[in-house]
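Participant: Give me coordinates for this.
(2 chains)
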Amino acid sequence: MDLLSDPDNLDLYLTGFSWILRLTGAGALGALVLGVILAGFRVSPIPVLRGFGAAWVNIFRNTPLTLIIFFCYFGLFSTLGLSLAEEIDVNNFWLGVIGLSVYTAAFVCEAIRSGINTVPAGQAEAARAIGLSFFQVLRMIVLPQAGRAVIAPLGSIFIALAKNSTIVGTIGLAESSNAMKTLINDYGSQTILIFLIFAGTFAAVLIPTGYLFGWLANRLAVKR
Amino acid sequence: MRVSRMAAVATAAVMALSVAACGGGEDAGSGGGGSGDGVIGKAASGKLIIGVKSDQPGLGLQTGTTYEGFDIEVGKIVAKGLGLDPAKVEWKTTVSANREPFIEQGQVDLVIATYTINDDRKKKVAFAGPYYVAGQDLLVKTDSTITGPEGLDGKKVCSVAGSTPAKRIKEEYPKVALQEFDSYSKCVTALGGGQVDAVTTDDIILAGYAAQAEYAGKFKVVGKPFSSEPYGIGLKKTDTAGCTKINEILKAAVDDGTYKAAWDATLGKGGTPAPTFDASKLSNCPA
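Facilitator: Okay, here's the model as predicted:
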């Protein structure tokens, strides 16, 4: 069958990108939650928490993602027996989400922390002066402003995350880079076309995403 | 920010590479059947580059700077047959995805790398051989009760992502839970750890793993091949003279026993007898 007309190939392509979307979505959510908590740790008055946050950022930001994903399979699952689902695909998906989340959280944390630095110190001082606790200051005064200041960098991080999710293919999830390998193996004479289709799909989805984040950043930024 | 900038540089690099690949592909047609460009001419000029696998024990395995295995021995036989000292052969690691481009761009003169002959590949390269006919089989733990692909329903089977064996399992045995990795050694690790029940690919590759010292006695090849994978020697599509010559070399190597010696020194170490070689099945080189 021909590369473009075989329905199996279309199926492979669509399944691949649907896994990418799910990995990106779940990974972004996990990274955002973890990243905000870590940013809170890094600016907290408790030295142990600050140390923990700094260690997390430095360890995961400087470890290749491939290694982290591999650790999730061969460390968490194989050796430690952390099984997240009966089905192989679903299990690999969640292992991948863990890996992507802990890695991306390090970058999200640093972005949020830079956002926190844009909030004038006077605001936090004023909030403390009216009797708010550290947690209340962070939640009600600082983070809402910090978050809006870093929408553009967060967008870049999530775009990188979408591309990084292809690495989960190395532990066997049938995501898009995996689908691309399958097609190249079957249609060795059309590798360039296959490459262009997959690269083109990523670009077609991610370039508008970049503009969306840019637009959001403009609209939501706190004008000072 | 740092991530996205690095990703942008990487994307640019990939683009540049792919453009280079396009450019390289075009001169494939201009090679002509002359001996100057073909492997015969290359060998006569005293240098031959052969693309081989570097991660398949028994077949093509890189240890330090040297390569060893059955594919390597076949490469030495071919080099000798072309009148070149096998020590002058330059070995180059190829992976499945880059074999056709490497041949077309002239980065290698020959590819001997568990390279299954099929119609789509023939559009880009010519095949001499087959020098061996493999079949897809299963590697299981010694005490496993799996006796063939029929007993695999609901079992976890490992193969390499995007490979032909993985595809065959998906299509013909849809009830099998397929775990895919980017290399067979990871599959074998997972088999050892009990995360999968079997590893599947060509029997010859599995035999190589089963024969590795570190796994001695732990695994067995089921021995019920359920496909036919004729391994060929890839070379430029236009190199008819070279292709015909290599077929002659292979036939001669079987007749004088060097083929069997090559087998016995590598995959045959575990006691597997040398395969019967059917010279009548040698491919027709493109006219």
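
Participant: And the residue of chain A that's closest to chain B?
Facilitator: Minimum separation of chain A from chain B (Cβ to the nearest Cβ) falls at A:K181, amounting to 2.9 Å. To be clear about C-beta, it is placed using only N, CA and C from the backbone, and glycine gets the same treatment.

Participant: Could you tell me how far the longest helix anywhere in chain A lies from the centre of the chain?
Facilitator: As assigned by DSSP state H, the longest helix anywhere in chain A is helix A:7-42. In terms of Cα atoms, centre = their mean, to the nearest Å, the centre of helix A:7-42 is found 6 Å from the chain centre.

Participant: What is that helix packed up against?
Facilitator: Secondary-structure packing of helix A:7-42 (3 or more Cβ pairs under 8 Å, 6 or more residues apart in numbering or on different chains; DSSP states H and E): helix A:47-61, helix A:88-118, helix A:143-149, helix A:151-164, helix A:176-186, helix A:191-220.

Participant: what's the angle between the lowest-mean-pLDDT helix or strand in chain A and helix A:191-220?
Facilitator: Lowest on mean pLDDT, DSSP states H and E among the helices and strands of chain A sits helix A:176-186, with a mean of 87. Angle, helix A:176-186 to helix A:191-220, by axes from the mean of the first three to the mean of the last three Cα atoms, to 10 degrees: 160 degrees.

Participant: Can I get helix A:176-186 in CSV? Just the C-alpha atoms.
Facilitator: This file holds the C-alpha atoms of helix A:176-186, laid out as CSV (Å, rounded to 0.1, in the frame of the first residue of the first chain):
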residue,chain,number,x,y,z
SER,A,176,4.6,10.3,17.1
SER,A,177,8.4,9.8,16.9
ASN,A,178,7.7,6.1,17.4
ALA,A,179,5.1,6.2,14.6
MET,A,180,7.6,8.1,12.4
LYS,A,181,10.2,5.3,13.0
THR,A,182,7.7,2.7,12.0
LEU,A,183,6.8,4.5,8.8
ILE,A,184,10.5,5.1,7.9
ASN,A,185,11.1,1.4,8.4
ASP,A,186,8.2,0.5,6.1
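
Participant: Show me what it is packed up against.
Facilitator: helix A:7-42, helix A:191-220, helix B:164-172.

Participant: buried residues in it?
Facilitator: Under the neighbour-count criterion of 16 or more other Cβ atoms under 10 Å in any protein chain shown, helix A:176-186 has A:S176, A:S177, A:N178, A:A179, A:M180, A:K181, A:T182, A:L183, A:I184, A:N185, A:D186 buried.

Participant: how about the residues you listed in JSON lines, adding distance to A:L80?
Facilitator: Converted to JSON lines, those look like this (distance: Cβ to Cβ, whole Å):
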{"residue": "A:S176", "distance to A:L80": "29"}
{"residue": "A:S177", "distance to A:L80": "27"}
{"residue": "A:N178", "distance to A:L80": "25"}
{"residue": "A:A179", "distance to A:L80": "30"}
{"residue": "A:M180", "distance to A:L80": "31"}
{"residue": "A:K181", "distance to A:L80": "29"}
{"residue": "A:T182", "distance to A:L80": "30"}
{"residue": "A:L183", "distance to A:L80": "35"}
{"residue": "A:I184", "distance to A:L80": "34"}
{"residue": "A:N185", "distance to A:L80": "33"}
{"residue": "A:D186", "distance to A:L80": "37"}
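
Participant: Give me the pLDDT value at the closest residue to B:P286 other than its chain neighbours.
Facilitator: Ranked by Cβ to Cβ, 6 or more residues apart in numbering or on different chains and with sequence neighbours excluded, the top spatial neighbour of B:P286 is B:A126, at 5.3 Å. Looking at B:A126, its pLDDT is 94.

Participant: three-state assignment of B:A126?
Facilitator: At B:A126 the chain is in strand, as set by DSSP: H, G, I helix; E, B strand; the rest coil.

Participant: Please give me every residue in contact with it.
Facilitator: The contact partners of B:A126, by Cβ atoms under 8 Å, 6 or more residues apart in numbering or on different chains, come to B:G234, B:L235, B:K236, B:K237, B:T238, B:D239, B:T240, B:C243, B:C285, B:P286.

Participant: Lowest pLDDT pick from those residues?
Facilitator: Out of those, that is B:P286, at 80.

Participant: Torsion angles phi and psi at that residue?
Facilitator: The phi/psi pair for B:P286 (degrees, to the nearest 10) reads phi -60, psi 140.

Participant: Can you report how many residues neighbour it?
Facilitator: If you count neighbours by other Cβ atoms under 10 Å in any protein chain shown, B:P286 ends up with 14.

Participant: pretty sure it contacts B:T244?
Facilitator: No - B:P286 is beyond contact range of B:T244, at 10.1 Å (criterion: Cβ atoms under 8 Å).

Participant: which ones are touching A:V108?
Facilitator: Going by Cβ under 8 Å, 6+ apart, the list of residues near A:V108 reads A:A31, A:L32, A:L34, A:G35, A:V36, A:L38, A:A39, A:L154, A:I157.

Participant: let's go with 10 Å and repeat that
Facilitator: Going by Cβ atoms under 10 Å, 6 or more residues apart in numbering or on different chains, A:V108 touches A:28, A:30-36, A:38-39, A:57, A:101, A:150, A:153-154, A:157-158, A:161.

Participant: Likewise for A:G75?
Facilitator: With contact taken as Cβ under 10 Å, 6+ apart, A:G75 is in contact with A:L67, A:I68, A:L82, A:L95.

Participant: Show me the two of those residues that sit farthest apart.
Facilitator: A:L67 and A:L82 (17.3 Å; Cβ to Cβ).

Participant: between the helices and strands packed on helix A:176-186, which gets nearest to A:G131?
Facilitator: The nearest among those, by Cβ to Cβ, is helix A:7-42 at 19.7 Å.

Participant: so that closest one versus helix A:151-164, what angle?
Facilitator: 140 degrees.

Participant: pLDDT (mean, whole number) over helix A:7-42?
Facilitator: Helix A:7-42 comes out at a mean pLDDT of 95.

Participant: sorry, back to before: filter the contacts of A:V108 down to the buried ones and hand me the ChimeraX line.
Facilitator: In ChimeraX, this line selects whichever of those come out buried by 16+ other Cβ under 10 Å:
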select /A:28,30,31,32,34,35,36,38,39,57,101,150,153,154,157,158,161
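
Participant: Point out where chain A drops to low pLDDT.
Facilitator: A:1 (pLDDT under 70).

Participant: at 50 instead, please
Facilitator: Residue ranges of chain A with pLDDT under 50: none are present.

Participant: can you map out the strands along chain B?
Facilitator: Along chain B, the stretches classed as strands by DSSP state E are B:48-52, B:55-56, B:60-63, B:66-68, B:89-93, B:110-111, B:125-134, B:136-141, B:156-160, B:177-181, B:198-202, B:219-221, B:229-236.
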